[in-house]
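> Here is a sequence together with a model predicted from it:
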Amino acid sequence: MKELLLWVSALAILSEAFAQTDLSGKVFVFPRESSSDHVKLIPKLKKPLQNFTLCFRAYSDLYRAYSLFSYSIQDNDNELLILKEEVGKYILHIGRTKVTFKVMDNFLSPVHICTSWESSTGIAEFWFNGKPMVRKGLGQGYSVGVQPKIVLGQEQDSYGGEFDKRQSFVGEIWDLYMWDSVLSAKNMMLVYQGYDLNPNILDWRDLNYEVQGYVAIKPLVWGLSLESAEHLEIK
Ligand SMILES: *[C@@H]1O[C@H](CO)[C@@H](O)[C@H](O)[C@H]1NC(C)=O
Ligand SMILES: [Ca+2]
């Protein structure tokens, strides 16, 4: 009986830790700087990636460098990494190569980022607030490795760990989606507008994740209008 109870509570903990959740209208808040707080994302991914598109929104008032999306594999901590290096400058790592995208940064408002890459040409796109930045090329012929550890809030220097406080993210992240294909320009614009385009690797509306440390899930507050907030019964 004792064993059964243990088993049942272990299952409950497991199902809580690996919840498959619709996070529409919600955000992850990373409320403090640390070298530990993070969210692990569990992707639907079986084959190495020859093409992908990754989109999300982020809001932060940090001036220093920080990690936005850290995807490591067994032998490469920077397999797929998006870093904001400084105001106006984002870095995309794929395999052991990287490129820089320069953007017109409107500091202190949320940003929407979609980045895509195709192995056959190595061309990477970086859409910033619905607009395509200058395309760059990296990792032509490469395939992004499988069985990743995907971390939000921290930058991995080993497979699933070795976080550096100075690269941690403080702020809010939401609307994160990933596809195993390169979205067309029209679809990039539709994602920016908030359309659901059936992402097949990571889906904010059906997300498998695990919170570690101090990360809160809160309603989205940016961009609400009084009309859309009416149901909140503000009097
Ligand atoms: C990746 O995209 C290219 C076209 O850019 C296509 O030819 C190829 O089949 C795609 N690979 C996969 C695995 O979908
Ligand atoms: Ca790293």
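Now that the structure is in, tell me what you want to look at. The model shown is predicted, which means the values in this text are computed figures rather than measured ones. Residues are numbered from 1 along each chain as shown. Ligands and ions are numbered 1, 2, ... in the order given.
> Flag every residue of the protein that's near ligand 1.
Proximity of the chain to ligand 1 is confined to 50, 51, 118, 120 under the rule Cβ under 6 Å from any ligand atom. (Each C-beta comes from the backbone N, C-alpha and C, glycine too.)
> can you tell me which of those residues are in strands?
Here DSSP state E is the test, and the residues of the chain next to ligand 1 give 51, 118 as lying in strands.
> Just among the residues of the chain next to ligand 1, which is most surrounded?
Going through the residues of the chain next to ligand 1 with other Cβ atoms under 10 Å as the criterion, the one with the most neighbours is residue 118, at 18 neighbours.
> Could you report the distance from it to residue 95?
14 Å (Cβ to Cβ, to the nearest Å).
> So for those two, which residues contact both of them?
Common contacts of residue 118 and residue 95, defined by Cβ atoms under 8 Å, 6 or more residues apart in numbering, are absent altogether.
> Might you report the residue contacts of the residue most central in space within the chain?
For the chain, the residue nearest the mean C-alpha position is residue 69 (4.7 Å; Cα atoms, centre = their mean). With contacts defined as Cβ under 8 Å, 6+ apart, residue 69 is in contact with 54, 56, 80, 81, 82, 150, 152, 176.
> At which residues are the helices of this protein located?
With DSSP state H, the ranges of helices along the chain come out as 2-17, 185-193.
> Least confident of these, on average?
Note on these: lowest mean pLDDT is at helix 2-17, with a mean of 55.
> The top strand by length along the chain: which residues count as buried?
For the chain, the strand with the greatest residue count under DSSP E is strand 76-86. Using 16 or more other Cβ atoms under 10 Å as the test for burial, strand 76-86 gives 76, 77, 78, 79, 80, 81, 82, 83, 84.
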